[in-house]
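> Pasting the sequence and the predicted model now:
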Amino acid sequence: MAVTEPAMTAPPGAHEGILRRQSLRESAARTYARSLPIVPVRARGLTIEGADGRRYLDCLSGAGTLALGHNHPVVLEAIRKVLDSGAPLHVLDLATPVKDAFTTELFVTLPRELAENGRIQFCGPAGTDAVEAALKLVRTATGRTGMLAFTGAYHGMTAGALAVSGGARDVQVTRLPYPHNYRCLYGIGGERGAEIAARWTENLLDDPKGGVPAPAGMIVEPVQGEGGVNPAPDAWLRRMREITARRSIPLIADEVQTGVGRTGTFWAVEHSGIVPDVMVLSKAIGGSLPLAVIVYRDSLDAWKPGAHAGTFRGNQLAMAAGAATLAYVREHRLAERAAVLGARMLGQLQGLAADHPCIGDVRGRGLMIGVELVDPEREDLSSGSPPPPAPDLAAVVQQECLRRGLIVELGGRHSSVVRLLPPLTLTDEQAVAVLDRLADALAAAARAPHPGAAEAGAHRRAGTGPTH
């Protein structure tokens with residue numbers, strides 16, 4: 001199926017003018033537009049074409065939103081079907097055949113225990129709205145107000161979501177240690193480091209002088225995405241499930257970025273086998289259009305009518321696109337494909353590290369991959385710690401990738417992690433092209449001076465990162 005011509009395309013030479021007007025009109029809070037100065041006019045699958053005629057391989061995928069890549073035929077067909085049917089596009093939270101089909105398909109994919117005893121709340125259109133709903137839900141159900149969250153977390157940009165994210169200030173959230181194999185808080189890493197983190201959490205909650213009253217819930221990402229592509233160890237996540245269940249603390253899994261096959265299972269919690277009390281879902285569930293929901297155990301459904309709402313929670317086009325995406329990923333076993341291809345790419349990147357001392361760590365799960373860049377010349381060998389992060393180098397690598405037609409994102413505490421989030425439809429040949437361009441960019445960045453890189457990294461470190 002051919003991609004149709006956009007209703008409005010940029011005339012020749014318009015590229016620079018569009019970028020200039022954007023910089024004059026849009027707020028200082030814009031992020032991607034600063035490090036990725038392109039003007040997309042067409043896209044299909046992995047590929048974006050800019051107004052300047054250049055083509056790019058998109059390994060950002062709408063920050064993980066585009067599970068099937070740009071303009072996948074099944075998504076376009078689902079949208080057209082709704083448009084051609086004359087169905088209403090805006091219905092608040094009324095029942096419709098489109099909504100029923102989406103909910104049915106979503107529940108087919110959920111962990112069985114949650115699907116059999118679950119409720120769904122349609123929220124505002126963004127993942128951060130769903131996080132807010134999850135926090136409100138557990139506070140209503142338990143009658144408590146405090147929350148447990150983790151170092152390095154990212155849950156969105158609204159007030160409550162920011163409060164449980166890693167950069168929060170002056171909020172009543174208890175911050176717990178999230179295991180990190182490469183930069184372990186305890187200098188140990190591995191299973192032992194994760195075990196100490198779990199034990200610290202358990203002791204803190206049981207310490208009558210720990211200063212932590214019974215919390216309303218614990219929110220955790222199975223893989224920290226914006227936090228630097230940091231997968232939670234399976235055993236540690238099972239411990240968090242045990243710790244919360246034993247103390248009647250609802251466990252919230254934020255699957256906004258990890259869901260719909262991204263990590264090699266349909267939902268990232270499946271790696272550990274846990275079933276959370278609440279799942280926060282957005283991004284890929286809308287098939288490229290805005291949609292966010294929470295799914296939770298029916299025992300938590302203590303809301304009264306109107307206790308949580310949102311004008312655009314009835315997005316029919318997103319539900320149609322989402323149902324088509326969920327079904328395609330499930331029927332074509334794209335999660336399993338992501339696991340196999342992701343493991344291969346991780347192995348090849350780890351091999352690349354042998355020739356590039358600036359690669360400190362390669363990590364990830366499925367097609368959620370991170371390459372942490374470091375400054376080996378500043379390593380303190382006597383400390384036993386990894387070399388310090390290299391955000392300026394990462395910013396240069398990102399720009400060198402763009403010059404080679406590869407779009408990547410940065411993440412981590414110091415924006416020193418190059419992140420790859422390609423669509424799940426990535427082919428073997430495309431994977432080779434992505435890694436070849438990244439390798440070339442790494443080599444070029446290692447040779448080049450870094451003028452302006454400090455400034456490029458500074459706006460990232462100032463907290464102007466992406467949103468749910």
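Yep, it's here.
> Next one: the closest residue to Asp375 other than its chain neighbours from Gly156, what distance?
Spatial nearest neighbour of Asp375, chain neighbours left out: Ala390 (4.5 Å); criterion: CB to CB, 6 or more residues apart in numbering. C-beta here means a position set from N, CA and C on the backbone, and glycine is covered the same way. In this structure, Ala390 and Gly156 are separated by 28 Å, where distance is defined by CB to CB, to the nearest Å.
> try Leu281
Leu281 sits 13 Å away from Gly156, taking CB to CB as the criterion.
> okay, and the common contacts of these two?
Gly127, Val256 (CB atoms under 8 Å, 6 or more residues apart in numbering).
> Check the secondary structure at Leu424 for me.
Assigned state for Leu424: coil (three-state reduction, DSSP: H, G, I helix; E, B strand; the rest coil).
> quick one: contacts for it?
Remark: with contacts taken as CB under 8 Å, 6+ apart, Leu424 is in contact with Ala67, Leu68, Val260, Gly261, Arg262, Val329, Leu334, Ala335, Arg337, Ala338, Leu367.
> could those go into JSON lines alongside neighbour count?
Rendered in JSON lines, the data for the contacts of Leu424 read as follows (neighbours: other CB atoms under 10 Å):
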{"residue": "Ala67", "neighbour count": "32"}
{"residue": "Leu68", "neighbour count": "26"}
{"residue": "Val260", "neighbour count": "31"}
{"residue": "Gly261", "neighbour count": "30"}
{"residue": "Arg262", "neighbour count": "31"}
{"residue": "Val329", "neighbour count": "24"}
{"residue": "Leu334", "neighbour count": "26"}
{"residue": "Ala335", "neighbour count": "23"}
{"residue": "Arg337", "neighbour count": "18"}
{"residue": "Ala338", "neighbour count": "27"}
{"residue": "Leu367", "neighbour count": "29"}
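> between the residues you listed, which is nearest Gly143?
Using CB to CB, Val260 comes nearest to Gly143 of those, at 33.5 Å.
> so how many other residues sit close to the residue nearest to that closest one when sequence neighbours are not counted?
Using CB to CB, 6+ apart and skipping the chain neighbours, the partner closest in space to Val260 is Ala284 (3.8 Å). Taking other CB atoms under 10 Å as the criterion, the count of residues near Ala284 is 29.
> helix/strand/coil for Ala284?
Classification of Ala284 into helix, strand or coil gives helix, according to three-state DSSP.
> Same question for Met279.
The assignment at Met279 comes out as strand when based on three-state DSSP.
> mind checking pLDDT for it?
For Met279, the model assigns a pLDDT of 98.
> got it, and Gly465?
51.
> Pro37 now?
At Pro37 the predicted local confidence, pLDDT, stands at 86.
> do you know how far the closest residue to it other than its chain neighbours is from Leu57?
Leaving out its chain neighbours, the residue that sits closest to Pro37 by CB to CB, 6+ apart is Leu19, at 5.6 Å. Counting by CB to CB, the separation of Leu19 from Leu57 is 21 Å.
> For those two, indicate the residue with more neighbours.
Set side by side, Leu19 and Leu57 show unequal neighbour counts under other CB under 10 Å, the larger going to Leu57 at 21 against 16.
> got the buried residues for the helix or strand that contains that one?
Using DSSP states H and E, Leu57 sits within strand 55-58. Counting neighbours by 16 or more other CB atoms under 10 Å, one finds that the buried residues in strand 55-58 are Tyr56, Leu57, Asp58.
> can I get these in TSV with pLDDT and distance to Arg413?
Formatted as TSV, the buried residues of strand 55-58 follow (pLDDT from 0 to 100; distance: CB to CB, whole Å):
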residue	pLDDT	distance to Arg413
Tyr56	97	27
Leu57	98	27
Asp58	97	25
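> Reformat those as a markdown table; add distance to Val212.
As requested, these are arranged in a markdown table below (distance: CB to CB, whole Å):
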| residue | distance to Val212 |
| --- | --- |
| Tyr56 | 47 |
| Leu57 | 46 |
| Asp58 | 43 |
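> Which of these sits closest to Leu94?
Out of the buried residues of strand 55-58, the one with the shortest distance to Leu94 is Asp58. That distance is 35.6 Å, counting by CB to CB.
> How much space separates that closest one from Gln172?
Asp58 sits 40 Å away from Gln172, taking CB to CB as the criterion.
> Then Tyr328?
42 Å.
> Pick out whichever of these two has more residues nearby.
Higher neighbour count among Tyr328 and Gln172: Tyr328, with 22 against 11, using other CB under 10 Å.
> Show the contacting residues for Ala339.
Neighbouring residues of Ala339 by CB under 8 Å, 6+ apart: Thr263, Gly264, Thr265, Gly366.
> what bridges to Ile48?
With DSSP bridges as the criterion, the beta-bridge partners of Ile48 are Ala43, Tyr56.
> and it, what pLDDT?
Spelled out, the predicted local distance difference test score at Ile48 is 96.
> swap in the one 5 residues further on?
At Gly53, the pLDDT value in this model is 91.
> swap in Ala159?
Ala159 is given a pLDDT of 75.
> where in the stretch 301-450 of the chain is pLDDT low?
For the stretch 301-450 of the chain, the stretches with pLDDT under 70 are 382, 449-450.
> For it, just list every one of the strands.
Using DSSP state E, counting those that start in this stretch, the strands assigned to the stretch 301-450 of the chain run over residues 359-365, 368-373, 406-407, 409-411, 417-420.
> Report the distance from stretch 208-223 to the chain centre.
22 Å (CA atoms, centre = their mean, to the nearest Å).
> If you average the pLDDT over the host helix or strand of Val41, what comes out?
For Val41, the element it lies in under DSSP H and E is strand 40-44. Summarised as a single mean, pLDDT over strand 40-44 is 93.
> Quickly note the distance from the most centrally placed residue in the chain to Gly227.
Closest to where the C-alpha atoms of the chain average out (CA atoms, centre = their mean) is Gln257, at 2.9 Å. With distances taken as CB to CB, Gln257 is found 11 Å from Gly227.
> same deal with Leu334?
Counting by CB to CB, the gap between Leu334 and Gly227 amounts to 25 Å.
> follow-up on the earlier one: same question for the strand holding Val41: list its buried residues.
Taking 16+ other CB under 10 Å as the neighbour-count basis, strand 40-44 is seen to contain the buried residues Pro40, Val41, Arg42, Ala43.
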